[in-house]
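> below are the sequence and a predicted model; questions follow.
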Amino acid sequence: GQSLQALSCFPPPWSHTGSLLLAVHFYSLPRAAPLIPSTALGVLLLILSSLLAYAGIRRSLRNASLFSSLCLTMSVFWCGYGVVFILGGQGVLNDTGDFRNALVPGLVTFTLALFIIAVVGFLCREVILAMIASAVSLASAHEVAMHYSTAFGSSAVACNYMIVCLVGGYFALGRILYFLTKEEIALPGTDLAKKKTHEQMQSTRGSMNHFAVSGLILNMLSASVFGCRLLGVTGKLFIGQVPWLWAAGIYQIGICILSYRTMDVLMATFFGFTSILKFAGGYCLLYPIWQPEEPSFPTPFLVVFSILFAVLALFLTLKSPVDGLYLLFYVAYCIALACSPKGFFEGGPQGVDVAIFVASALMTLIHLYNVKASAKIPTGKGAAKALLARSSFLKIREGADLHAPYLGYSKYADAEVLGYACSVLASFAMTMTGDPQAPLATVVIPWVVVAGGILKLLGGSVAFARGKTLESSVFILYAVMWIIWGLTRYGGLYGTTRSFHAAVGIIAFMLFNGFIVFCTLFLNIAWFFYSLAFLLIAVSFLLDAIHALPAGYDIAATLIFGLVSFYCFLSALLNSIFEGSCLPMGRPIVQLSGVGGGMTKCLHLPARKASSVKRIADILKNGGTCGIPTDTVYVLVAACNRPDAVEKAHHSKRQAQDRPMSLWISSLKQLEPAKHLFTPLLWDFMEAAWPSPISLVVPRGEWVDFLGMKDSAKYVGTPQSIAIRIPDCSVTTHLIDLVGPIVVTSANPTGEADTTHHNQVYAKLGDKVDAVLCDGPSPENIASTVVDCTKIDSGNIAFFRVGIIPKSQVKLTLILLLLP
């Protein structure tokens with residue numbers, strides 16, 4: 001792990017390694033045979049691009065935004081660049097001008113993008129990074145000029161890449177010295193630790209999406225491909241430009257995931273949407289492989305897509321009006337595509353692409369500068385909040401709990417907004433039946449596979465990371481259906497045998513979905529109708545597979561499922577922005593006693609945060625009961641000095657008489673006032689045995705009165721004895737330090753198995769406790785060892801229960817105390 005962390009500090013060696021390869025390539029270009037074959041150069045650039053992407057992600061998670069933006073930008077540049085070189089090496093780009101037409105859109109984009117990064121770098125005094133960005137920008141500009149004029153030789157391009165090598169070598173040397181000397185020596189301009197202080201301060205004030213800059217540059221890249229065709233910079237749209245579009249699409253999905261890491265739901269959803277357009281654009285340029293004519297576009301899908309963009313723009317305006325206005329370009333883009341039968345190949349959409357390119361460049365500058373500089377370019381942020389401040393109905397969510405996970409701790413914001421939106425898009429793509437003789441003549445596959453499949457898989461994965469097991473299962477299962485049967489149906493893969501096999505598979509899927517419909521009865525009304533309506537989609541695929549699909553059925557199924565999905569989309573979007581349930585998802589249709597009760601009544605707080613432990617302590621001090629993690633299994637606790645809470649804990653569990661509650665302390669100092677009431681051997685044994693998962697049953701006595709339990713003391717232990725323990729868990733002992741001694745019982749109804757995950761505490765006692773401190777699975781699935789110490793002064797101990805600590809270890813501790 002340490003070596004990987006070290007490598008992530010040294011991305012410039014990779015950048016100047018790639019630059020050295022390109023310098024050698026361009027110096028040898030006038031020769032009859034290049035020194036490095038095109039295919040080999042392309043493969044090496046792809047490898048280096050993956051290393052740069054890794055470095056950019058690792059560094060961005062540490063808030064070095066300019067550094068990570070440079071790494072990610074050069075990574076996607078060399079990814080598309082490398083694939084174009086591979087296509088050229090393999091003879092795909094044979095016609096005159098093909099290589100130029102393939103390279104120029106990407107070179108134009110990265111000339112401007114890297115120039116913007118360089119300008120911000122110089123303004124923010126990050127000279128080394130700015131010099132690298134400006135040198136690569138100049139190299140790209142010279143390469144564009146070289147393709148259009150013989151007056152520009154390849155040597156100018158090579159010289160710029162040599163500058164990158166020299167500057168990158170200096171930066172690499174500085175980082176290596178910094179690492180080897182354990183941060184004692186840092187060459188000027190190479191200490192990234194100083195650079196991130198301001199950005200970390202910004203991150204503490206609110207969420208900052210450092211990856212938005214990279215996403216905006218990717219939007220420039222895809223717009224450049226089609227915009228260059230309109231402006232006559234390139235001569236045609238063809239397969240050579242697909243690497244730029246699909247590289248942008250793949251990286252855009254990565255930026256979408258990373259935006260969820262920064263808790264930016266709206267921009268993550270936006271980047272998910274734009275990735276669909278990038279994959280669709282690349283797919284359309286492949287059309288000569290299977291048909292001579294340009295494909296046509298489904299109008300209903302694009303109209304719905306424009307509506308989703310418009311809704312997202314409205315909500316994003318509440319956060320940042322400039323970002324919301326930027327999204328309106330994509331509303332116009334979808335409308336232009338809907339009005340153009342040939343879509344990306346017509347002038348209307350290409351004109352909007354030019355506007356998107358310019359707008360994306362301006363937004364890149366604004367976002368990057370506002371992240372780095374102390375003085376900000378105004379974006380209207382906070383204006384909507386001020387307007388809504390007087391509203392009693394709408395109140396924007398804020399604070400640390402803005403994206404609190406469903407249960408416990410999660411690194412990701414909720415992706416349900418994107419999941420529901422993709423359901424809407426995929427369903428409306430079904431309205432185009434297409435020509436059976438030419439199934440690929442209409443562009444349907446990208447919408448179904450990317451929107452319905454890939455992005456729903458993403459949404460399901462994020463939902464699983466947030467503890468939403470059922471929702472994640474549904475998204476993943478539906479994504480598999482869209483990918484497999486979407487490709488089969490809209491790719492023209494049906495045949496007599498395949499149709500039968502597809503029908504059998506769809507029936508099996510419908511059985512799984514029936515089980516999901518049953519499970520959603522216990523979730524909420526909206527999810528029940530969402531899963532039930534999806535059966536209509538499955539039936540459509542089944543009837544189509546057996547060639548029995550009635551006319552109009554697809555439209556009806558699309559409308560029903562699409563409207564239900566759109567309602568869920570709006571509900572998730574509203575609930576992610578505003579406090580309260582503006583559009584409720586509804587209550588469970590079937591409510592089981594004790595199941596999910598804590599979902600709305602009970603706090604769930606991540607144990608990794610000290611502030612969460614303090615809140616749990618405050619709840620206990622005020623007479624509440626809580627479920628907490630320990631060094632063994634989860635337990636239910638109450639403060640000893642709150643007799644009402646002790647009695648509440650006893651009744652909430654229906655505690656059996658033969659399983660009394662026990663007493664936990666954080667150190668023997670909490671029993672110090674009553675030390676004279678314990679025998680010296682027992683006191684020494686407690687000192688030797690704790691902290692550990694060992695509960696010691698000691699004689700009951702007057703020392704119990706020191707704990708403040710009053711009449712509730714009858715619920716703790718037996719009339720003759722009480723079990724005491726100091727847990728070997730820092731979270732638990734810190735909590736007891738804040739609260740004082742606590743009474744403890746297992747967090748499950750009497751007679752049931754121990755709870756080993758905070759989800760189980762919710763399921764079993766969710767509506768009977770005030771809060772749950774969530775820490776995922778228990779470190780051990782075995783309870784503590786319970787030792788009878790009531791006769792320890794005679795040298796004898798017994799065992800009520802042998803748990804994680806074996807008898808031999810406990811006896812050895814006592815023997816060592818008894819030895820003279």
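Arrived safely.

> can you pull out the low-pLDDT segments for the stretch 601-750 of the chain?
Within the stretch 601-750 of the chain, the set of residues satisfying pLDDT under 70 comprises 601, 653-659, 750.

> can you map out the helices along it?
Along the stretch 601-750 of the chain, counting by DSSP state H, counting those that start in this stretch, helices occupy 610-621, 643-653, 680-689, 730-739.

> now render those as CSV, adding mean neighbour count.
Heads up, the C-betas are built off the backbone N, CA and C, glycines and all. Output for these, formatted as CSV (neighbours: other Cβ atoms under 10 Å):
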stretch, mean neighbour count
helix 610-621, 18
helix 643-653, 20
helix 680-689, 16
helix 730-739, 20
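
> now render these as CSV, adding distance to Arg587.
Shown next, in CSV, are the helices of the stretch 601-750 of the chain (distance: least, Cβ to Cβ, whole Å):
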stretch, distance to Arg587
helix 610-621, 25
helix 643-653, 23
helix 680-689, 49
helix 730-739, 33
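
> nearest to Cys519, out of those helices?
Closest to Cys519 of the helices of the stretch 601-750 of the chain, according to Cβ to Cβ: helix 643-653, at 26.9 Å.

> export the closest one as PDB, just CAs?
Extracted in PDB, the C-alpha atoms of helix 643-653 (Å, rounded to 0.1, in the frame of the first residue of the first chain):
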ATOM      1  CA  PRO A 643     -33.000   4.700  35.900                       C
ATOM      2  CA  ASP A 644     -35.800   5.400  33.400                       C
ATOM      3  CA  ALA A 645     -33.500   4.400  30.500                       C
ATOM      4  CA  VAL A 646     -32.400   1.200  32.200                       C
ATOM      5  CA  GLU A 647     -36.000   0.200  32.700                       C
ATOM      6  CA  LYS A 648     -36.800   1.200  29.000                       C
ATOM      7  CA  ALA A 649     -33.900  -1.100  27.800                       C
ATOM      8  CA  HIS A 650     -35.200  -4.000  29.900                       C
ATOM      9  CA  HIS A 651     -38.800  -3.700  28.500                       C
ATOM     10  CA  SER A 652     -37.700  -3.100  24.900                       C
ATOM     11  CA  LYS A 653     -36.000  -6.400  24.900                       C
END
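
> for it, packing partners?
Applying 3 or more Cβ pairs under 8 Å, 6 or more residues apart in numbering; DSSP states H and E, one finds that helix 643-653 contacts strand 635-639, strand 742-746.

> which residues does the nearest residue to Glu647 once chain neighbours are set aside contact?
Counting by Cβ to Cβ, 6 or more residues apart in numbering, Ser712 is the residue found nearest to Glu647 once chain neighbours are left out, at 5.0 Å. Residues near Ser712 by Cβ atoms under 8 Å, 6 or more residues apart in numbering: Pro643, Asp644, Val646, Glu647, His650.

> which among these gets closest to Met661?
Distance to Met661 across these (Cβ to Cβ) is lowest for His650, with 6.6 Å.

> is it true that the closest one touches Met661?
Yes. His650 is in contact with Met661 according to Cβ atoms under 8 Å; the separation is 6.6 Å.
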